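Undergrad: Quick one: sequence and predicted model below, then my questions.
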Amino acid sequence: MSNVVSIVGRPNVGKSTLFNRLIEKRQAITHDTAGTTRDRQYGECIWNGIVFVIVDTGGYNSESKDVITNNINAQVASAVKESVVVLFLVDCHDGITPEDKDFANELRKYNKRIILVANKSDNFKYQCASYDFMQLGFGEPICISANSGSGTGDLLDKVVTFIDTKVEKNEQLPRFAIIGQPNVGKSSLLNALVGENRVIVNSEAGTTRDSINTLYNLYGNKFVLIDTAGIRSKSKHKEDIEFYSSLRSINALIGSDVCLIMIDATIGITNQDLSLLSLAERRGKGMILLVNKWDLIEKDSTTANKFRISIKDRLKMLDYIPIVFTSAINKTNIFQVIKKAVDIYNNKTQHVSTSLLNDTLLPIILSHPPSSSRGKEIKIKYVTQLPANNVIFAFFCNRPDDINAIYKRFLENKIREHFNFEGIPINLVFKEK
């Protein structure tokens, strides 16, 4: 990508706050705890008719040698390499630090265009202090306050002098969200699909915190793939960051077209998994259930079928959801997941013509009419699919309030029997005619 601008710096200097300010959304989690951001987070910024991609990164730390920090540093390096402009963020309240100097030396290795940005320059005192940062060797800093937005216009004026991509109409791509509890393999699946370490993977539950958007453009398929933080019940949240991570994950589910809901094969389907499926169903999302870590299960030729039957028994009314057995680590069936997700997206966006619906369903309704209500016959006269983001069929009849739940289920089953709505919740509404 030629229009990428990354925000980098040591931990807790305000990178995510600036990122949210520039994209005009609260997309990245911000918190006083250093190291809140871990993976690269992408967003779109438009300024004076110029559009570019802005990247939030974790805080670079050359001192710590733990696995998570090393992975964060690798993510920062990847962001810098793909950028045409790098915003090196420093903190006026702290002044220049040894970590700033170490990171400045690291940045020089990449031979990139660096803009030094002095954050938290809230008043004249801190603006004067910002000149100390010139010893880092990147010229005079641009003073801003990411929190209030002060100075960000001047910063963007300078950034866009290096960007020549004009605003184009955004391509509305399908959005597939990988949802599940902590440590079931969501990030491993995303990395396996895109063929790189796009997000940090670690055995520690809660490694992913933000919802990470990644453009998938391989093998003739193009869509946005969203990795999310693990969602646990509210009673199990140990800190604010986990609460906000779960909130971002729920928002990712709500904003998606298809949910890839992942469970751990060694644990099976839990009440929390069923709650996530129920939420996706209420929101009208396409759904696939991924049984990951299938490589850890001792199995024979009947194991998968027995597992599928036991899951379908738990799903009950959601038995239209397809089940795919995967191993993200071994890349087993991962491309079957993509094919199935695309198929379900196509199912969700299809529109069945009114004539075909009536030609198919009215003879069935005539031979199996709804039960009479208080001695009066119920007549369904025609049906149509409503123009909506979710799949909704409207049945017009003389006594809409008297259609019972059993008959509604019968009609839904007949729709599924004759039209392909695998993985899609179907809503039926009854209107008086």
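TA: Done, it's in.

Undergrad: so what does the helix or strand containing K340 touch, helix or strand wise?
TA: According to DSSP states H and E, K340 maps onto helix 334-349. Here helix 334-349 touches helix 186-194, strand 221-227, strand 258-264, strand 286-292, strand 323-325, going by 3 or more C-beta pairs under 8 Å, 6 or more residues apart in numbering; DSSP states H and E. Just so you know, the C-beta spots here come from the backbone N, C-alpha and C atoms, and that holds for glycine as well.

Undergrad: Tell me, how many residues neighbour the nearest residue to C397 once chain neighbours are set aside?
TA: Leaving aside its chain neighbours, C397 sits nearest to I380 (4.3 Å; criterion: C-beta to C-beta, 6 or more residues apart in numbering). Counted with other C-beta atoms under 10 Å, residues neighbouring I380 total 22.

Undergrad: who touches I380 in this structure?
TA: 362, 365, 369-370, 395-397 (C-beta atoms under 8 Å, 6 or more residues apart in numbering).

Undergrad: still on that earlier bit, show me what the mean pLDDT comes to for the next helix or strand after the helix holding K340.
TA: As assigned by DSSP H and E, the chain's next helix or strand after helix 334-349 is helix 354-367. If you average the pLDDT over helix 354-367, you get 96.

Undergrad: tell me what helix 354-367 is packed against?
TA: strand 380-385, helix 405-418.

Undergrad: Restrict it to CA atoms and write it as CSV.
TA: Taking Å, rounded to 0.1, in the frame of the first residue of the first chain, the C-alpha atoms of helix 354-367 are listed here in CSV:
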residue,chain,number,x,y,z
THR,A,354,-42.4,-12.5,-5.2
SER,A,355,-43.7,-14.6,-8.0
LEU,A,356,-41.4,-17.5,-7.3
LEU,A,357,-42.2,-17.3,-3.6
ASN,A,358,-45.9,-17.4,-4.2
ASP,A,359,-45.7,-20.1,-6.8
THR,A,360,-43.7,-22.2,-4.3
LEU,A,361,-45.4,-21.5,-1.0
LEU,A,362,-49.1,-20.9,-1.7
PRO,A,363,-49.8,-24.5,-2.9
ILE,A,364,-48.1,-25.7,0.3
ILE,A,365,-50.1,-23.4,2.4
LEU,A,366,-53.3,-24.4,0.6
SER,A,367,-52.7,-28.1,1.3
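
Undergrad: contacting residues around it?
TA: Against helix 354-367 from outside (C-beta under 8 Å, 6+ apart): 380, 382-385, 393, 411, 414-415, 418-419.

Undergrad: Would you mark the buried spots in it?
TA: For helix 354-367, a neighbour-count test (16 or more other C-beta atoms under 10 Å) marks 357, 360-361, 365 as buried.

Undergrad: For the stretch 101-250 of the chain, which segments count as strands?
TA: For the stretch 101-250 of the chain, the strands defined by DSSP state E, counting those that start in this stretch cover 113-119, 142-143, 175-180, 212-218, 221-227.

Undergrad: ok, so what distance separates the residue nearest to C397 from P370?
TA: 7 Å (C-beta to C-beta, to the nearest Å).

Undergrad: In JSON lines, list the helices and strands packed on helix 354-367 along with distance to V429 and mean pLDDT.
TA: Shown next, in JSON lines, are those (distance: least, C-beta to C-beta, whole Å; pLDDT from 0 to 100):
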{"stretch": "strand 380-385", "distance to V429": "10", "mean pLDDT": "95"}
{"stretch": "helix 405-418", "distance to V429": "10", "mean pLDDT": "96"}
